[in-house]
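>>> just need the structure, nothing else, for what follows:
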Amino acid sequence: MSFDVKIEQQLRICLRIRHARLSTMTWRKYHESTQHSVESLRQAPHVLDWANMPDPFRHYEGVPVLDLPADPPIPETPALEVLHGVAGSAPPGDGPTFLSQLLFYSAAISASKRVPSTGYRYALRVNPSSGNLHPTEFHFLTRDLTEWPDGLYHYLPSAHMAEQRAKGGLEMKLADSPAPIVFVLTSIAWREAWKYRDRAYRYCLHDIGHAWQALALAARAIGCDSFAVGHFPDDEVAQFCRLHEDEWPMLIVELRGRSIPVREPDACETVWYGGHANQLSKERIPYTRIDGIHDAAKLSARACRGISPAEPAPTSSGEIKLPPPASSKRAFGEVARMRRSALDFLGGRQLMSLTQLSAILAAATRPFLADFAGAHFIQLYLYAHRVEGLEPGVYRLWHERAELEQIKSGDQRVAAAGLSLGQELAGNACVALSMIGDLARAVRAHGDRGYRYVHFEAGAIGHRLYLAAEALGLGATGIGAFYDEEVHRYLNLAPEQGQVVYHFAIGYPVSDPRLEA
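All right, here's what the predicted structure looks like:
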């Protein structure tokens, strides 16, 4: 037997072993194997390889690049009204201006930070990201927009431009009638895994939820409707968009509405430019758990013939009725562009009001428009530290009745910080939150695909918390790191009652000296 034949046989054996490992991965195995504990963090120290840090910007070499007009009109509808379902309006315009406005207020660079010790600058975006690593990419398909060629595009936030990957009458058949604009939100897991390793897939899913709501709310603020599709054949969509192997389609968002400037259809030959995706770092480290859970959650074309309805979420009531929510007239455009992840919060005696909390919770728990969103999978638990009119303690929110049920009484600042891996901001905030996901119920309805949907919902709630807090003069930050089982024990949750999937903190933010407009 030749040396080459031996090598080929060994490669085949390795591939079979890898496939077997991936095929046995389930949501439960992945979730439990990526839980944080004192022991797991002590046993697996991680040093960041800064020389191999992935590029936060994907671009395609060899494709036409189309300008998006600078300084698009600001959406003036108050942010809280948009969060509560009120549609804004857009001034009459053309396709390029509409796309510019939509992306400027959902996915563009919003500010930068400078590291004083090194002078290094890095960009912040309208849509937040775990560790500011931004695994999410925005691809979009346009059809019959005025003064804009039909085709498939990739948004380049570093330049606020659109890379034209194909021109002509492409169509992604998801509904009876094609939408004039269809976004495909993708994820590059390596960007997060570089820092967070196997747990990174959770953060990628959170970030898709944030990006989804950033896009959907910006669309509503300029007067159009959106609908998210999570139930699609992964490989077919990836092939349609000709994605690089390191990039995975996660969510499709269709946009419709009278505010979208459209023209009469015209026949145009399809031309593929494709382009060459840039290499994000010199080496990409494989993480078999991430590959495994992603493969387990994928759907084939046959599995996409229908989506099963989920069982309704359990309902109950609490003894504390939330008051009518506070109001704010701050424009959506201003709020979306000014939103930041707080570095920390001012402690002391500064309180937020119960009406502010009521407004934030009401905005965060409104229904979502998606094929998987017929039932809520997330239950909110609050660690109230400094809320005027609310005794310090732990509360469960029953959002259908806008009521709080007290679970624990007393000062929760040390507990909230300790559960969030000792991060003091969870104790310095006015209120911290645990999002408990009913993963088992989601998986009963949607198979392992349901694992994605629970985290999408958590990220979507997080984005609404961000915007509502900003509109009311507060700050917020998402916290993806926590001691999973310790949270369950502290909240007295049995396994069938759900697992913690996201933490959040809201309060008065400290100023960040690194921030630049």
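>>> name the element Ser511 belongs to?
Using DSSP states H and E, Ser511 is not contained in any helix or strand.
>>> give me the distance between Pro157 and Val182.
19 Å (CB to CB, to the nearest Å). Where C-beta positions appear, they are placed from N, C-alpha and C, glycine not excepted.
>>> I meant to write Gly347 there.
Gly347 is 46 Å from Val182, where distance means CB to CB.
>>> looking at those two, which one has more neighbours?
Comparing Gly347 with Val182 by other CB atoms under 10 Å, the one with more neighbours is Val182, at 23 against 18.
>>> what packs against the strand or helix carrying that one?
For Val182, the host element (DSSP H and E) is strand 181-187. Strand 181-187 sits against strand 136-142, helix 200-221, helix 234-241, strand 248-256, with contacts defined as 3 or more CB pairs under 8 Å, 6 or more residues apart in numbering; DSSP states H and E.
>>> and if we set it to 10 Å?
Helices and strands touching strand 181-187, as assessed by 3 or more CB pairs under 10 Å, 6 or more residues apart in numbering; DSSP states H and E, comprise helix 95-104, strand 136-142, strand 151-156, helix 200-221, strand 225-229, helix 234-241, strand 248-256.
>>> how about the CA coordinates for the second one, as PDB?
If I follow you right, that is strand 136-142. Taking C-alpha atoms only, strand 136-142 is exported to PDB below (Å, rounded to 0.1, in the frame of the first residue of the first chain):
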ATOM      1  CA  THR A 136     -23.000  39.400  12.300                       C
ATOM      2  CA  GLU A 137     -22.900  40.400   8.700                       C
ATOM      3  CA  PHE A 138     -25.800  42.100   6.800                       C
ATOM      4  CA  HIS A 139     -26.500  40.800   3.200                       C
ATOM      5  CA  PHE A 140     -29.500  42.000   1.400                       C
ATOM      6  CA  LEU A 141     -31.500  41.400  -1.800                       C
ATOM      7  CA  THR A 142     -33.300  44.200  -3.500                       C
END
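>>> so Ala111 touches Met338, yeah?
Yes. In this structure, Ala111 is within contact of Met338 by CB atoms under 10 Å, at 8.7 Å.
>>> and the gap between Ala296 and Ala476?
Applying CB to CB to Ala296 and Ala476 gives a distance of 32 Å.
>>> which of these two has more neighbours?
Ala476 (27 against 19).
>>> over to the more buried one. Which of the three states is it?
At Ala476 the chain is in strand, as set by DSSP: H, G, I helix; E, B strand; the rest coil.
>>> quick one on the thing from earlier: hey, which of the helices and strands packed on strand 181-187 is tucked in deepest?
Each of the helices and strands packed on strand 181-187 was scored by mean neighbour count; the highest is helix 200-221, a mean of 27, by mean count of other CB atoms under 10 Å.
>>> ok now that one, how far from the chain's centre?
On the basis of CA atoms, centre = their mean, to the nearest Å, helix 200-221 sits 3 Å off its chain's mean C-alpha point.
>>> same deal with stretch 307-317?
Distance of stretch 307-317 from its chain centroid, counting by CA atoms, centre = their mean, is 22 Å.
>>> cool, and stretch 293-306?
Computed by CA atoms, centre = their mean, the chain-centroid distance of stretch 293-306 equals 20 Å.
>>> now swap in stretch 82-93 and tell me
Computed by CA atoms, centre = their mean, the chain-centroid distance of stretch 82-93 equals 22 Å.
>>> buried sites along that stretch?
82-83, 87-88, 90, 93 (16 or more other CB atoms under 10 Å).
>>> rewinding a little: which of the helices and strands packed on strand 181-187 sits closest to Glu334?
helix 200-221 (11.0 Å; CB to CB).
>>> could you give me the average pLDDT of the closest one?
Rounded to a whole number, the mean pLDDT of helix 200-221 is 98.
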